[in-house]
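Chemist: When you get a sec, could you give me coordinates for this:
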Amino acid sequence: MNALAGNKTTEVIKFLKNNFDLKNHKDPDFWRILFDNSNSENLEIIKIVLPINKFLPTSLSKNGSKEIIAFLREEDFRISLSDLASNPLPEAIALFKEKLSKTKFKITPPICKSLSENTNPEVITLLENEFIKNPDNPNILWRTLSSNTNKDVIDLLRKRMNYENSLTKKRYQNLNMYHMINWDIVSKNPNAIELIKERIKYQNLPVNIDRLRDINEGQINWKALSTNPSIFTIN
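Modeler: Residues are numbered from 1 along each chain as shown. Next up is the predicted model:
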């Protein structure tokens, strides 16, 4: 039955609704899967079940359905801000920004991590603001952002690169692997070619060879770069 809950086919959702006593179904895994299902047909089930059992595990804020995000606007006490921050749906990001502007809450560590994993380009401004406030913010996942192909992310990575380059050798080498740009990953990023060219020049400077000697993640990975479809634009 849990497998059916994850099926996004409208016929399957209707089958669940018409053939099972969902009001009395207690399996939390079933509901977790169903609430993640982005088929808007789920909304009818959700509206029936949630008032009956308010303790159901709900991840609706991560749902990819515009209709379900609209439902959360009406019942915003059900919103999980960290889940909403990870949702790339434009309607979800709009709701997140609205909550951010109308309330006094701060971007907490879990929210910052969720934003780092979000592929929607609109979250980059939020991350950049967090970076400006605290360049050492441990909740911005630079390793995750290293694979993001969005132009605005590349610009943010350049700012982070310049910051990392300004650190002493000891401070740079002590950075957590998730909190530094991973050049292994950037080497594969097809939209980061200009950034890669800058890094090649930087790491080839004699003064930086020793600085980067024991940090593989701090250097361009030539094997990975060979798989980058944009390599023929490098001069």
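Chemist: Tell me how far the spatially most central residue of the chain lies from residue 41.
Modeler: What sits nearest the mean C-alpha location of the chain, by Cα atoms, centre = their mean, is residue 117, with 1.5 Å. In this view, residue 117 and residue 41 are 27 Å apart by Cβ to Cβ, to the nearest Å. In short, each C-beta sits where N, CA and C put it, glycine included.
Chemist: cool, residue 113 as well?
Modeler: Residue 113 sits 31 Å away from residue 41 when distances are taken as Cβ to Cβ.
Chemist: Just the CA trace of the longest helix anywhere in the chain, in PDB.
Modeler: Across the chain, the helix with the greatest residue count (assigned by DSSP state H) is helix 151-166. Below are the C-alpha coordinates for helix 151-166, written out as PDB (Å, rounded to 0.1, in the frame of the first residue of the first chain):
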ATOM      1  CA  LYS A 151      24.600  31.700 -13.200                       C
ATOM      2  CA  ASP A 152      23.800  33.400 -10.000                       C
ATOM      3  CA  VAL A 153      25.300  30.500  -8.000                       C
ATOM      4  CA  ILE A 154      28.500  30.800 -10.100                       C
ATOM      5  CA  ASP A 155      28.800  34.500  -9.200                       C
ATOM      6  CA  LEU A 156      28.300  33.500  -5.500                       C
ATOM      7  CA  LEU A 157      30.900  30.800  -5.800                       C
ATOM      8  CA  ARG A 158      33.300  33.400  -7.200                       C
ATOM      9  CA  LYS A 159      32.800  35.600  -4.100                       C
ATOM     10  CA  ARG A 160      33.300  32.600  -1.900                       C
ATOM     11  CA  MET A 161      36.500  31.700  -3.800                       C
ATOM     12  CA  ASN A 162      37.900  35.100  -3.200                       C
ATOM     13  CA  TYR A 163      37.100  34.800   0.500                       C
ATOM     14  CA  GLU A 164      38.700  31.400   0.800                       C
ATOM     15  CA  ASN A 165      41.800  32.700  -1.100                       C
ATOM     16  CA  SER A 166      42.100  35.500   1.500                       C
END
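Chemist: With that, I have no additional questions.
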